[in-house]
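Colleague: Here is my input, please return the structure:
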Amino acid sequence: MVDEHYYNSPQWFLENNQRYDTYDRSGPKVFLGEYASQDNKWYNSLTEAAYMTGLERNADVVELASYAPLLANENAVQWRPDMIWFDNSSSWGSTSYESQKLFMNNVGDEVVPSRASATPAPNEPISGAVGLSTWATSAAYDDVKVTAADGSTLLSDDFSGDDGQWTKATGTGTGSWTVRDGAYVQSDTAAENPMVTAGDKAWRDYDLRVKATKKSGKEGFLIAFGVKDTGNYSWWNLGGWGNTRSAVEKAVGGAKQTMTEDGTKIETGRAYDARVEVRGRQVTRYLDGKKWGGFTDDKVAEPFRHVVTRDKATGELIVKVVNAQSAAARTRIDLGGGTVARTARLTTLQGAPDAVNTASEQPVTPVRSKLDGVANTFTYTFPADSVTFMRIKTKR
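Modeller: Numbering: from 1, shown residues only. Down below sits the predicted model:
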């Protein structure tokens, strides 16, 4: 078996439901030893549940799957997410605990072929301002230039004057930015992502060019593009992870995912000429005039996912539907032929996207009910931000 581990952004889980669809059916099986979305909010759990429909659909390949770290002491938090939280007097399940438990208790014996029409989220061209940052490192930036696709100059700064074109972050972690010797220097080696930004959020199809020099510290430098705000941007992370590798990362809602990576490391005191070319969803990188690779950010984040299994012991179809969007989904369900019981058993998890289960409040817990009027073809409205399991007794 292959033991896979990954923690990613909610966006990644919505974009990668089909990850195992093309795995070699004659190759090794998969033990997904660790996986989770990077927080404990209900929206994270929704995207994990959407991803789990793909795991079940590919159960011939994915034989085992284990959620993220199991237990966490609320008074000694080292990692988030976790499935079960506790303090000195009580314990409680996270929202992900509730969805994991629902899947565990409704597995079924076989996957039933099914399909649903797509409701893809918009996939607009990459757009946004530009940014400079560091991570536990001091670096100097110079000769920043942003050029539109038609060759016109959108931004040019050689730091021969002040830093009036740049906006600094507010609050903690802002670093120490000063114009010094004709360069823009971030000198605080303890600061983690003290990003400064320039330009327009509406910019698209542009080239960003900058000269960057690592002065001291653990890593390299961060060159951002497509910056919307502090939680939504992309950046070229050169010399990241303790200067062991480099990658392009995309942050959505504050959670990052890796788009592409390589083994590039950064030398202290050496000036690098970096360029990022953005065209639509295509990103191409150049370092010291050499093409350093590219990628297309074109995966669709599908918020409506499902899988159907059969419980042979009870004769029930288990229809599992995740609606990870803010609107209810009125859906026509066609079960095909056979005899269908008119009443189905329902279990629903629903909550506000930012809801978190705590010791005193559990806003996301299962609600059980019955659905009348079931037939070979019927309609049902899946609530916004919900996971629904529908158990329907059938005869073939």
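Colleague: and stretch 259-274, average pLDDT?
Modeller: The average pLDDT for stretch 259-274 rounds to 96.
Colleague: And that stretch, what's buried?
Modeller: Buried positions in stretch 259-274, judged by neighbour count with 16 or more other C-beta atoms under 10 Å: Met259, Thr260, Thr264, Ile266, Tyr272, Ala274. From N, CA and C alone the C-beta is placed, and that goes for glycine too.
Colleague: could those residues be laid out in a markdown table, adding distance to Thr309?
Modeller: Listed next are the buried residues of stretch 259-274 as a markdown table, based on distance: C-beta to C-beta, whole Å:
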| residue | distance to Thr309 |
| --- | --- |
| Met259 | 33 |
| Thr260 | 35 |
| Thr264 | 45 |
| Ile266 | 49 |
| Tyr272 | 52 |
| Ala274 | 49 |
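Colleague: Among those, which pair sits farthest apart?
Modeller: Met259 and Tyr272 (20.1 Å; C-beta to C-beta).
Colleague: neighbouring strands for the helix or strand of the chain with the lowest mean pLDDT, and are they parallel or not?
Modeller: Ranked by mean pLDDT, DSSP states H and E, the weakest helix or strand in the chain is strand 339-340, scoring a mean of 90. Sheet pairing here is set by DSSP bridges, and for strand 339-340 it gives strand 386-395 (antiparallel).
Colleague: And for the strand it pairs with, what's in contact with it?
Modeller: 45-46, 49, 99, 102, 106, 311, 314-323, 335, 338-341, 344-350, 371, 374, 380, 382 (C-beta atoms under 8 Å, 6 or more residues apart in numbering).
Colleague: Of those residues, keep whichever come out buried.
Modeller: 45-46, 49, 99, 102, 106, 311, 316-323, 335, 340, 344-350, 371, 374, 380, 382.
Colleague: returning to what we had before: partners of the following helix or strand past the least confident helix or strand of the chain, with directions?
Modeller: Next helix or strand after strand 339-340 toward the C-terminus (DSSP states H and E): strand 343-350. Paired strands of strand 343-350, with direction, are strand 367-372 (antiparallel), strand 386-395 (antiparallel) (DSSP bridges).
Colleague: Compare those and give me the one nearest His5.
Modeller: So among the strands paired with strand 343-350, strand 386-395 is nearest, using C-beta to C-beta, at 24.0 Å.
Colleague: what comes up buried for that closest one?
Modeller: Quick answer for strand 386-395 (16+ other C-beta under 10 Å): Ser386, Val387, Thr388, Phe389, Met390, Arg391, Ile392, Lys393, Thr394.
Colleague: what bridges to the third one?
Modeller: Each beta-bridge partner of Thr388 is listed here: Val321, Thr348, as defined by DSSP bridges.
Colleague: What does the pLDDT read for it?
Modeller: 98.
Colleague: how close does it sit to Leu371?
Modeller: 10 Å (C-beta to C-beta, to the nearest Å).
Colleague: Could you name every residue contacting both of the two?
Modeller: Leu346.
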